[in-house]
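> the sequence and its predicted three-dimensional model are supplied below.
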Amino acid sequence: MILVSAKQMRLADERTINEIGLPGIVLMENAARGAAKVIVEAVGEVEGLAVAAFCGRGNNGGDGLAVLRMLAQKGAVCTAFLLAKAEQLGPDAAINLRVAEACGVEVIELPDEDAFDLYAGEMAAYDIYVDAILGTGLSAPVEGLYLRAIEALNESDAPILAIDMPSGLSADTGRPLGQAVRADWTATFGAVKRGLLLDFENHAGELSLVDISIPPHVFDELDIDCLLLEPQTVAALLPPRDASAHKGDFGHLLVVGGAPGYSGAPCLAAMGGLRAGAGLVTVALPAGLNIVAETKLTACMSHPLPQTATGALDVAALEDARQLMASRQALALGPGLGRAAESAQLAIALMNVIEAPLVIDADALNALAESPEPPVWAAEQVVLCPHPGEAGRLLGCQTAEIQADRLDAARRIAAKYNAVCLLKGARSVIAAPDGLAWVNDTGSPLLASGGSGDVLTGLIGGLLAQGSSALEAALCGAFIHGLAAQLAAEEFGLRGLAAEELADYLPTAFATLEAGHDHDHHDED
Ligand SMILES: NC(=O)C1=CN([C@@H]2O[C@H](COP(=O)(O)OP(=O)(O)OC[C@H]3O[C@@H](n4cnc5c(N)ncnc54)[C@H](O)[C@@H]3O)[C@@H](O)[C@H]2O)[C@H](O)CC1
Ligand SMILES: [K+]
């Protein structure tokens, strides 16, 4: 499914109206009908319910007026708080103002904060609110009257339907500009705005896409560069599992990492690789920790590497690691690597000599960020898996800047390092060096625990070992990792899952996805 920017949506609206000739008022009527349906389906009977809309002065407000009129026709008692003077409204909204009033909607003009304050006391008395203040026209942090209305909505206990966008939420970044409405439902029109998926704080609530009769070819003509990662896409990218295969067919992953106190991370990555279906996995870590890996792991092999006096990986391990890679198909570099200078040197040296696909994570990413010259990699060879803090170091900016526009951050990292970037966090973003990006909406708060990132790194490494490209491995890894957490949450609830248990859910996640896809496949027959 495509995810559009505000600009792309406006372009689609304009082309539909001006080139195809479908009047804006028709689009607005379709939008309102779809939005009203969301409320009726959510609450059932609206007869007698008190419904209030906060309406801005643009077309978003026009939508809200039309929604109220439709609910009034179903017996709801509707009040529109118009945050403007009637004469300020554009033509389509003005039509819906007149029609709403003619159909029994009470319209109260609140053009400024003083007028708003006069009604503030009465605004808590409604059963349902419609947020029609701002949509894709949002262009600056909300303040003044609009901010007061957004605050009033967020202070109310009644459910809120957001029209097109939760007001105050950027359609492009999914971040609030000042403050944003926290809605129970959002009815978005024509196409899903990317901000609705990038919004890792989920202001939108339950999201519905409403068809407003924009012809599909209008969207085809947009330069779409952002997609929602969907099951059928991932299922089609999974490495094949031929029944007659033997372990050598599924590749051999090498994990290089570990440092005193961080022996778990490379072992978790190894389990992730194994659970991803790699035929063989070897963990190479400081010699002093080898016995730990031997003890923790059964099906994975381990290999002791030269270490420094403090027990961290030494740059002298380069030759061993290169020899190990001669008979392995992918490298997972960085889990538990630690911050020793020698280990960072080793990581950079490996990045410069390895020709096999590799996934880079954790302190190997920090080493990369500090390296003066980014290594030169083949296209489609490398996956970087930064969390927002590591992403900030890779771009030389604060974490807050990363989180302010996660799509842009992932794209900038992918372009700077000529690698696929999987920016972790709720609603992870996968960006390719050419700028094409996906938003992944599988996952669970369970993932916010130490080690789940190591499992993801191993999962991606395991897919690379089976022949997936960097982009395929990042897309499948992100989706399956989140799906595994969702499956675990069905048993665990939302806290307390240990990362090693997450790895155990990976095969079920693969099976669930493949079963779902096979089902779809039969549907297609
Ligand atoms: N024909 C169409 O384009 C359709 C649009 N639909 C709905 O219309 C909105 C987009 O409407 P638009 O008038 O362009 O903008 P908004 O209503 O979102 O915003 C109104 C107005 O507010 C000003 N503004 C921007 N930021 C701020 C701010 N921080 N504080 C105060 N005022 C602000 C700005 O000038 C805007 O123009 C779209 O979301 C849909 O809901 C129809 O649904 C379909 C057809
Ligand atoms: K809105």
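Nice, I can see it. Numbers count the residues shown, from 1 in each chain. Ligands and ions are numbered 1, 2, ... in the order given.

> gap between the two ends of stretch 152-164?
From the first residue to the last, stretch 152-164 extends over 19 Å; the measure is Cα to Cα, to the nearest Å.

> equivalent analysis for stretch 102-112, please.
Using Cα to Cα, the end-to-end distance of stretch 102-112 comes to 25 Å.

> I'd like the average pLDDT over that stretch.
Stretch 102-112 shows a mean pLDDT of 97 in the predicted model.

> who touches that stretch?
Counting by Cβ atoms under 8 Å, 6 or more residues apart in numbering, stretch 102-112 makes contact with 65, 68-69, 72-73, 78-86, 88, 97, 100-101, 115-116, 118-119, 145, all of which sit outside it. Where C-beta positions appear, they are placed from N, C-alpha and C, glycine not excepted.

> that one near ligand 1 at all?
No - under the criterion of Cβ under 6 Å from any ligand atom, stretch 102-112 makes no contact with ligand 1; the nearest approach is 12.5 Å.

> just list whatever residues bridge to W438.
Under the criterion DSSP bridges, W438 forms beta bridges with L227, I430.

> if we can go back for a sec, list only buried entries from the contacts of stretch 102-112.
In terms of neighbour count (16 or more other Cβ atoms under 10 Å), the buried residues within the contacts of stretch 102-112 are 65, 68-69, 72, 78-84, 88, 97, 100, 116, 145.

> and the furthest pair within the residues you listed?
In those, two members sit farther apart than any others by Cβ to Cβ. They are A72 and L145, at 24.8 Å.

> how many neighbours does V51 have?
26 (other Cβ atoms under 10 Å).

> how far is whatever helix or strand I291 lives in from where the chain is centred?
In this structure, I291 sits in helix 290-296 according to DSSP states H and E. Mean C-alpha position of helix 290-296 versus that of the full chain (Cα atoms, centre = their mean, to the nearest Å) differs by 36 Å.

> could you do stretch 110-117 as well?
Its chain's C-alpha centre lies 38 Å from the corresponding centre of stretch 110-117 when counted by Cα atoms, centre = their mean.

> cool, and stretch 105-120?
38 Å.

> could you list the low-pLDDT ranges of the stretch 251-400 of the chain?
For the stretch 251-400 of the chain, applying pLDDT under 70 flags no range at all.

> helices of that one, start to end?
Taking DSSP state H, counting those that start in this stretch as the criterion, the stretch 251-400 of the chain carries its helices at 264-275, 290-296, 318-326, 341-353, 362-370, 388-395, 399-404.

> ligand 1: which of the ones you listed is closest?
If you check each of these against ligand 1 by Cβ to the nearest ligand atom, helix 399-404 wins as the nearest, at 16.4 Å.

> up against ligand 2, what does the stretch 101-250 of the chain have?
Near ligand 2, the residues belonging to the stretch 101-250 of the chain are 131, 162-163, 167 when assessed by Cβ under 5 Å from the ion.

> for those, which one is nearest L22?
Using Cβ to Cβ, I163 is the member of these that lies nearest L22, at 19.4 Å.

> confidence score at that closest one?
If you check I163, the pLDDT there is 98.

> swap in A125?
According to the prediction, A125 has pLDDT 85.

> and the residue lying closest to it once chain neighbours are set aside, how many neighbours?
In space, and not counting its chain neighbours, A125 is closest to A50: 6.6 Å by Cβ to Cβ, 6 or more residues apart in numbering. Residue neighbour count, defined by other Cβ under 10 Å, stands at 13 for A50.

> and if you look at P372?
Here the count is done by other Cβ under 10 Å, and P372 has 5 residues near it.

> tell me which residues are up against stretch 376-386.
Contact partners of stretch 376-386, identified using Cβ under 8 Å, 6+ apart, comprise 351-352, 355-361, 365, 368, 394, 413-414, 417-424, 433, 453, 456-457, 460, 464, 469-471, 473-474, 477.

> and those, which of them are in strands?
Among the contacts of stretch 376-386, the members found in strands (DSSP state E) are 358-360, 420-423.

> need those in CSV (columns: distance to A379 and neighbour count).
As requested, these are arranged in CSV below (distance: Cβ to Cβ, whole Å; neighbours: other Cβ atoms under 10 Å):
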residue, distance to A379, neighbour count
L358, 14, 27
V359, 16, 35
I360, 16, 28
V420, 10, 28
C421, 14, 28
L422, 16, 31
L423, 19, 28
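
> return the closest of those residues with respect to ligand 2.
When the ones in strands among the contacts of stretch 376-386 are compared for distance to ligand 2 (Cβ to the ion), L423 wins out at 27.2 Å.

> helix, strand or coil for the residue nearest to that closest one when sequence neighbours are not counted?
By the measure of Cβ to Cβ, 6+ apart, the closest residue to L423 outside its immediate chain neighbours is A410, 4.1 Å from it. Classification of A410 by DSSP: H, G, I helix; E, B strand; the rest coil places it in helix.

> right, and A410 touches G425 too?
No - contact between A410 and G425 fails when scored by Cβ atoms under 8 Å: they sit 10.2 Å apart.

> who has more neighbours out of these two?
Applying other Cβ under 10 Å to A410 and G425 shows that A410 carries more neighbours, namely 28 against 17.

> give me every residue that touches A53.
Going by Cβ under 8 Å, 6+ apart, A53 touches 64-65, 67-68, 78-81, 129-132.

> ditto for K416
Applying Cβ under 8 Å, 6+ apart to K416 gives the contacts 374, 394-395.

> what does the chain put close to ligand 1?
Residues of the chain that fall close to ligand 1, judged by Cβ under 6 Å from any ligand atom: 13, 17, 24, 27-28, 31, 56-61, 63, 134-140, 142, 146, 163-164, 189, 212.

> can you select the buried ones from the residues you listed in PyMOL?
This is the PyMOL syntax for the buried subset of the residues of the chain next to ligand 1, where burial follows 16+ other Cβ under 10 Å:
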select buried, resi 13+17+24+27+28+31+56+57+58+59+60+61+63+134+135+136+137+138+142+146+163+164+189+212
